[in-house]
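Visitor: Coordinates for the following, if possible.
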Amino acid sequence: MIDSAEISDCFGFTKEEVYELCSQYGMDFNEMKEWYDGYHLVSKANGQHIEYSIYSPNSIVESIMRGDYDGYWNQTETYEALQKYIQFNMDGLKDAIVKMVAGNEVTIDTGAFKNDMYEFHSRDEVLTLLIHLGYLTYSRERQAAYIPNKEVTQEFLRSINHSKEYVEIADSIRDSKELVEALWAGDELTVAEGIEKVHQSFPPIQYNSELALSCVIELAFYFAREYYTILRELPTGKGYADICYIPKPRYASKPAVIIELKWNQSVKTAIDQIKEKNYPKVLDGYEEDLLICGINYDKKSKKHDCRIEKL
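Guide: Sure thing, here's the model as predicted:
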């Protein structure tokens, strides 16, 4: 799972094989990809650099046989196995888990792992084991780990919901549905208060940049990933939009959303930047149903402000 070399395409079904199966059995390849893709293994044999998207054979077979997309992971492993490892009291482990649940990756040193499943001395040893077990995937190029897909994300959520160490995070994720609905309704006060609650419930995320703020935003709006494809730092031609929410095809009736984050500035500055740099232009086809949202954190008052406009 970390250095698969010339046998990279032998660990599961490849993207091409899954596409062929979906065509044969009338399944939606894009939804299959959302649920079960995410393991990217690289072969550099014979002077060639080939990257493979690998899918779990068990999950693909179960999905096709049942004609449904769901989490089939717990047929081979229970969430308690994952819960046991993420509860270890390692410096920075909880912080790393929360960042990955929010959709980010974390840099790790896989060389610290000693092939021991019972004794751990650092967060990187725990995370490396989770890569070997398939709960995380790993990019050798970036030396970073992240949660691969929707199916495995469900196992993390089950583990968090049953772990006393993650009570605040579980609450934030449950509250995120109401916060997304508040965003759609343009309820600026509720959105600001909800983001503030997430930040207060998880002190390890210390604000010192817009990047740290983005992690809190993604947790606060966690439920949005059910409806949206989330793009971070989207190139617009005149800069980068911090976070863009693009409706998935089956939820085309939902508005697209552009969020601009500021730290120790103002929501007006955020909204003006979206307009002046014409960020909405990059979301071709959504101009008639688009929300722009500016969020600022003031370090002195320790308050979040929010402004939402419909274009």
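Visitor: How many neighbouring residues does the residue nearest to T137 when sequence neighbours are not counted have?
Guide: On the basis of Cβ to Cβ, 6 or more residues apart in numbering, the spatially nearest residue to T137 that is not a chain neighbour turns out to be P148, at 4.2 Å. All C-beta spots, glycine's among them, are computed from the backbone N, C-alpha and C. Residues near P148, counting by other Cβ atoms under 10 Å, number 22.
Visitor: hang on, P148 packs against L136?
Guide: Yes. Judged on Cβ atoms under 8 Å, P148 makes contact with L136 at a distance of 7.2 Å.
Visitor: Now the residue positioned nearest the centre of the chain. Its backbone dihedrals?
Guide: If you average the C-alpha coordinates of the chain and look for the closest C-alpha using Cα atoms, centre = their mean, you land on G103, 1.9 Å from that point. The phi and psi values for G103, taken as degrees, to the nearest 10, are phi 110, psi 10.
Visitor: correct me, but it touches I230?
Guide: Yes. G103 sits in contact with I230 when judged by Cβ under 8 Å, with a separation of 6.4 Å.
Visitor: Overlap in contacts, the two.
Guide: When Cβ atoms under 8 Å, 6 or more residues apart in numbering defines a contact, the residues bordering G103 and I230 alike are E218.
Visitor: since we're on the closest residue to A192 other than its chain neighbours, how many residues are nearby?
Guide: Distances taken as Cβ to Cβ, 6+ apart place C306 nearest to A192, at 4.1 Å, with adjacent residues excluded. Around C306 sit 24 other residues, with neighbours defined as other Cβ under 10 Å.
Visitor: what's near enough to touch C306?
Guide: 188-189, 191-192, 195, 267, 293-295.
Visitor: Show me which pair in those residues is furthest apart.
Guide: L189 and G294 (14.2 Å; Cβ to Cβ).
Visitor: rewinding a little: dump the contacts of C306 into JSON lines; add secondary structure as well.
Guide: What follows is the contacts of C306, written out as JSON lines (DSSP: H, G, I helix; E, B strand; the rest coil):
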{"residue": "E188", "secondary structure": "helix"}
{"residue": "L189", "secondary structure": "helix"}
{"residue": "V191", "secondary structure": "helix"}
{"residue": "A192", "secondary structure": "helix"}
{"residue": "I195", "secondary structure": "helix"}
{"residue": "V267", "secondary structure": "helix"}
{"residue": "C293", "secondary structure": "strand"}
{"residue": "G294", "secondary structure": "strand"}
{"residue": "I295", "secondary structure": "strand"}
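Visitor: PyMOL command for the buried members of those?
Guide: Here is the PyMOL command that selects only those of these that count as buried (16 or more other Cβ atoms under 10 Å):
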select buried, resi 188+191+192+195+267+293+294+295
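Visitor: Okay, the residue nearest to A192 and G186: tell me how far apart.
Guide: When distances are taken as Cβ to Cβ, to the nearest Å, C306 and G186 turn out to be 10 Å apart.
Visitor: And for A224?
Guide: Separation of A224 from G186 (Cβ to Cβ) stands at 15 Å.
Visitor: Give me the more crowded residue out of those two.
Guide: A direct count of neighbours by other Cβ under 10 Å for A224 and G186 places A224 higher, at 22 against 15.
Visitor: Quick check: closest non-adjacent residue to that one.
Guide: Setting aside the residues directly before and after it, A224 is nearest to V180 in space (Cβ to Cβ, 6+ apart), at 5.0 Å.
Visitor: Am I right that that neighbour sits in a helix?
Guide: Yes. V180 sits within a helix when classified using three-state DSSP.
Visitor: my read: it touches E218, true?
Guide: No. Taking contacts as Cβ under 8 Å, V180 lies outside contact range of E218: 11.7 Å.
Visitor: Show me the shaky parts of the stretch 51-200 of the chain.
Guide: Per-residue confidence for the stretch 51-200 of the chain (pLDDT under 70) gives these ranges: 74-79.
Visitor: Do a quick rundown of the helices in it.
Guide: The residue ranges that make up the helices of the stretch 51-200 of the chain, judged by DSSP state H, counting those that start in this stretch, are 57-66, 79-86, 93-101, 123-132, 150-161, 167-185, 188-201.
Visitor: Serialize those to JSON lines and add fields for distance to A112.
Guide: Supplementary listing: the helices of the stretch 51-200 of the chain in JSON lines, determined by distance: least, Cβ to Cβ, whole Å:
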{"stretch": "helix 57-66", "distance to A112": "30"}
{"stretch": "helix 79-86", "distance to A112": "15"}
{"stretch": "helix 93-101", "distance to A112": "13"}
{"stretch": "helix 123-132", "distance to A112": "5"}
{"stretch": "helix 150-161", "distance to A112": "22"}
{"stretch": "helix 167-185", "distance to A112": "25"}
{"stretch": "helix 188-201", "distance to A112": "30"}
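Visitor: Give me the distance between Y146 and H121.
Guide: Using Cβ to Cβ, we find Y146 at a distance of 23 Å from H121.
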